[in-house]
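A.B. asks: Sequence plus the predicted model coming up.
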Amino acid sequence: MKILGIESSCDETAAAVVENGTHILSNVVVSQIDIFAAYGGVIPEVAARSHLEAILPVVDKALKDANCTWDDIDAISVTHAPGLLGSLLVGTLTARTLAIMHNKPLYATHHLKSHIYANWLESESTPDFPLLAVVISGGHTQLIHMNSHNHFEIIGTTHDDAIGECFDKIAKILGLPYPGGPSIAKAAEKGDANKYRFPHPKVEGLDFSFSGLKTAVLRTVQKEVGLPISHPSSDLKNHITEAQICDFAASFQKTAVDILLEKVDLALAQYGDIKSIVFAGGVSANQALRDAAKARYGAPFFPEPKFSGDNGAMVAAACFFEIESGVEPTDPYKLNIYPRVEIA
């Protein structure tokens with residue numbers, strides 16, 4: 001079964017053709033990072049306009065790279081939630097139109113499901129059920145228990161900031177370029193991870209909180225350079241040395257990883273049936289996290305770094321396992337991106 005997956009939830013316009021949920025025939029991604037680097041973050045209206053320009057050429061290239069015609073495609077899958085509304089509209093309207101034009105079944109696929117299924121792409125081994133999925137990105141931090149394909153139970157989530165958002169905001173404080181995750185990781189390579197000690201938030205159960213960590217880093221930077229808490233955070237980068245930036249990056253990264261894995265430990269203790277641990281989402285590309293998780297758990301699953309971020313291949317993979325689980329196609333005339341529901 002060959003599925004065309006379309007992704008446009010944020011600032012990547014992507015399409016891919018995937019066969020049987022694992023074998024990638026093509027994977028085309030057009031990123032808007034260069035556009036938003038100057039702003040330090042994504043501007044939703046600009047992102048949507050960029051998707052409009054790129055979406056059809058990206059789909060055409062995905063088909064050509066896969067050496068496929070529309071006759072070869074068995075289904076179309078598209079990210080319908082969550083994400084930026086304007087960006088999602090471009091992807092869903094495109095997918096709806098293509099499904100109607102070419103008489104193909106359409107599947108509206110949840111973005112976080114797709115991130116999890118990136119671990120099935122081009123992998124020599126696949127996770128065993130029941131599994132614990134650790135979904136970590138700029139917009140989400142969740143622990144999800146899965147008994148089988150397409151059965152999701154959210155057992156932990158963040159009360160405020162997502163871990164990826166925290167990386168972006170700390171990078172901005174330190175004057176590091178957008179996106180913050182790779183910038184923090186690169187600076188941390190030259191830093192002392194034990195230079196600064198930051199608190200771990202006390203959140204009951206399996207839930208997370210990262211806003212306090214963000215504030216703790218901000219206050220420590222202000223104290224380190226001898227400036228009052230009223231001093232604008234946007235100006236702190238002009239008062240810290242490169243060595244301090246690297247030490248702050250390394251210390252923050254270590255704390256964020258420790259907080260995350262402490263909750264994974266707690267989930268494993270509460271759910272004794274877990275056979276596999278699966279990391280997913282943009283932050284799963286972080287090498288410090290990968291090293292720490294492998295040292296702690298032996299052989300957890302991580303997607304290839306190129307599949308950690310948003311891409312069409314993961315959408316197509318998730319769709320394949322939805323179809324295998326008996327999910328019915330979406331009526332293309334009725335598909336919309338409301339309400340923005342979580343995995344259930």
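C.D. replies: Good, I have the coordinates.

A.B. asks: rest of the way, CA atoms for contacts and neighbours
C.D. replies: Fine.

A.B. asks: which residue packs closest to residue 27, ignoring adjacent ones?
C.D. replies: Once flanking residues are discounted, residue 27 sits nearest to residue 16: 4.2 Å by CA to CA, 6 or more residues apart in numbering.

A.B. asks: Check residue 56 too.
C.D. replies: Distances taken as CA to CA, 6+ apart place residue 94 nearest to residue 56, at 7.9 Å, with adjacent residues excluded.

A.B. asks: Backbone dihedrals for that neighbour, please?
C.D. replies: phi -60, psi -50 (degrees, to the nearest 10).

A.B. asks: Give me the neighbour count for it.
C.D. replies: For residue 94, the neighbour count with other CA atoms under 10 Å is 17.

A.B. asks: do the one 5 residues further on as well
C.D. replies: For residue 99, the tally of surrounding residues (other CA under 10 Å) stands at 20.

A.B. asks: what residues are up against it?
C.D. replies: Going by CA atoms under 8 Å, 6 or more residues apart in numbering, residue 99 touches 76, 105-106, 332.

A.B. asks: Buried among these? Make that a ChimeraX selection.
C.D. replies: Restricted to buried positions by 16 or more other CA atoms under 10 Å, the ChimeraX selection for the contacts of residue 99 reads:
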select :76,105,106,332
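
A.B. asks: From the contacts of residue 99, which land in strands?
C.D. replies: The strands, defined by DSSP state E, take in 76, 106 from the contacts of residue 99.

A.B. asks: Give me the residues contacting the one helix or strand in the chain whose mean pLDDT sits lowest.
C.D. replies: Among the helical and strand segments of the chain, the one scoring lowest on mean pLDDT, DSSP states H and E is helix 33-36, with a mean of 88. The contact list for helix 33-36, computed with CA under 8 Å, 6+ apart, reads 11, 42-43, 178-179.

A.B. asks: residue nearest the centroid of the protein?
C.D. replies: Geometric centre of the chain, nearest residue: residue 281, 2.9 Å, by CA atoms, centre = their mean.

A.B. asks: what's near enough to touch that residue?
C.D. replies: Counted by CA under 8 Å, 6+ apart, residue 281 has contacts 112, 115-116, 135-137, 308-310.

A.B. asks: just to revisit the earlier point, which element, helix or strand, includes the residue nearest to residue 27?
C.D. replies: Using DSSP states H and E, the element containing residue 16 is strand 12-19.

A.B. asks: strand partners of the next helix-or-strand element following that strand, parallel vs antiparallel please.
C.D. replies: Next helix or strand after strand 12-19 toward the C-terminus (DSSP H and E): strand 23-31. Strands adjacent to strand 23-31 in the sheet, as given by DSSP bridges, are strand 12-19 (antiparallel).

A.B. asks: How about residues contacting the partner strand?
C.D. replies: Around strand 12-19, the neighbours that count as contacts under CA under 8 Å, 6+ apart are 1-8, 24-32, 51, 54-55, 58-59, 62-63, 66, 310-313, 316-317.

A.B. asks: Equivalent analysis for stretch 309-322, please.
C.D. replies: 1, 3-7, 12-18, 20-22, 24, 26-29, 76-79, 107, 109, 111, 113-115, 117-118, 120-121, 149-150, 281-282, 307.

A.B. asks: Stretch 59-66 now?
C.D. replies: For stretch 59-66, contacts defined as CA under 8 Å, 6+ apart pick out 6, 14-17, 25-28, 69-70.

A.B. asks: Now do the strands for the protein: every range, in order, please.
C.D. replies: Going by DSSP E, the chain shows strands at 2-7, 12-19, 23-31, 75-81, 106-110, 131-136, 141-146, 153-157, 276-280.

A.B. asks: For residue 323, grab the count of nearby residues.
C.D. replies: Neighbourhood size, residue 323 [other CA under 10 Å]: 14.

A.B. asks: Quick check: the gap between the closest residue to residue 180 other than its chain neighbours and residue 143.
C.D. replies: Among residues not flanking residue 180 along the chain, residue 168 sits closest, at 4.0 Å (CA to CA, 6+ apart). Distance, residue 168 to residue 143, using CA to CA, to the nearest Å: 21 Å.
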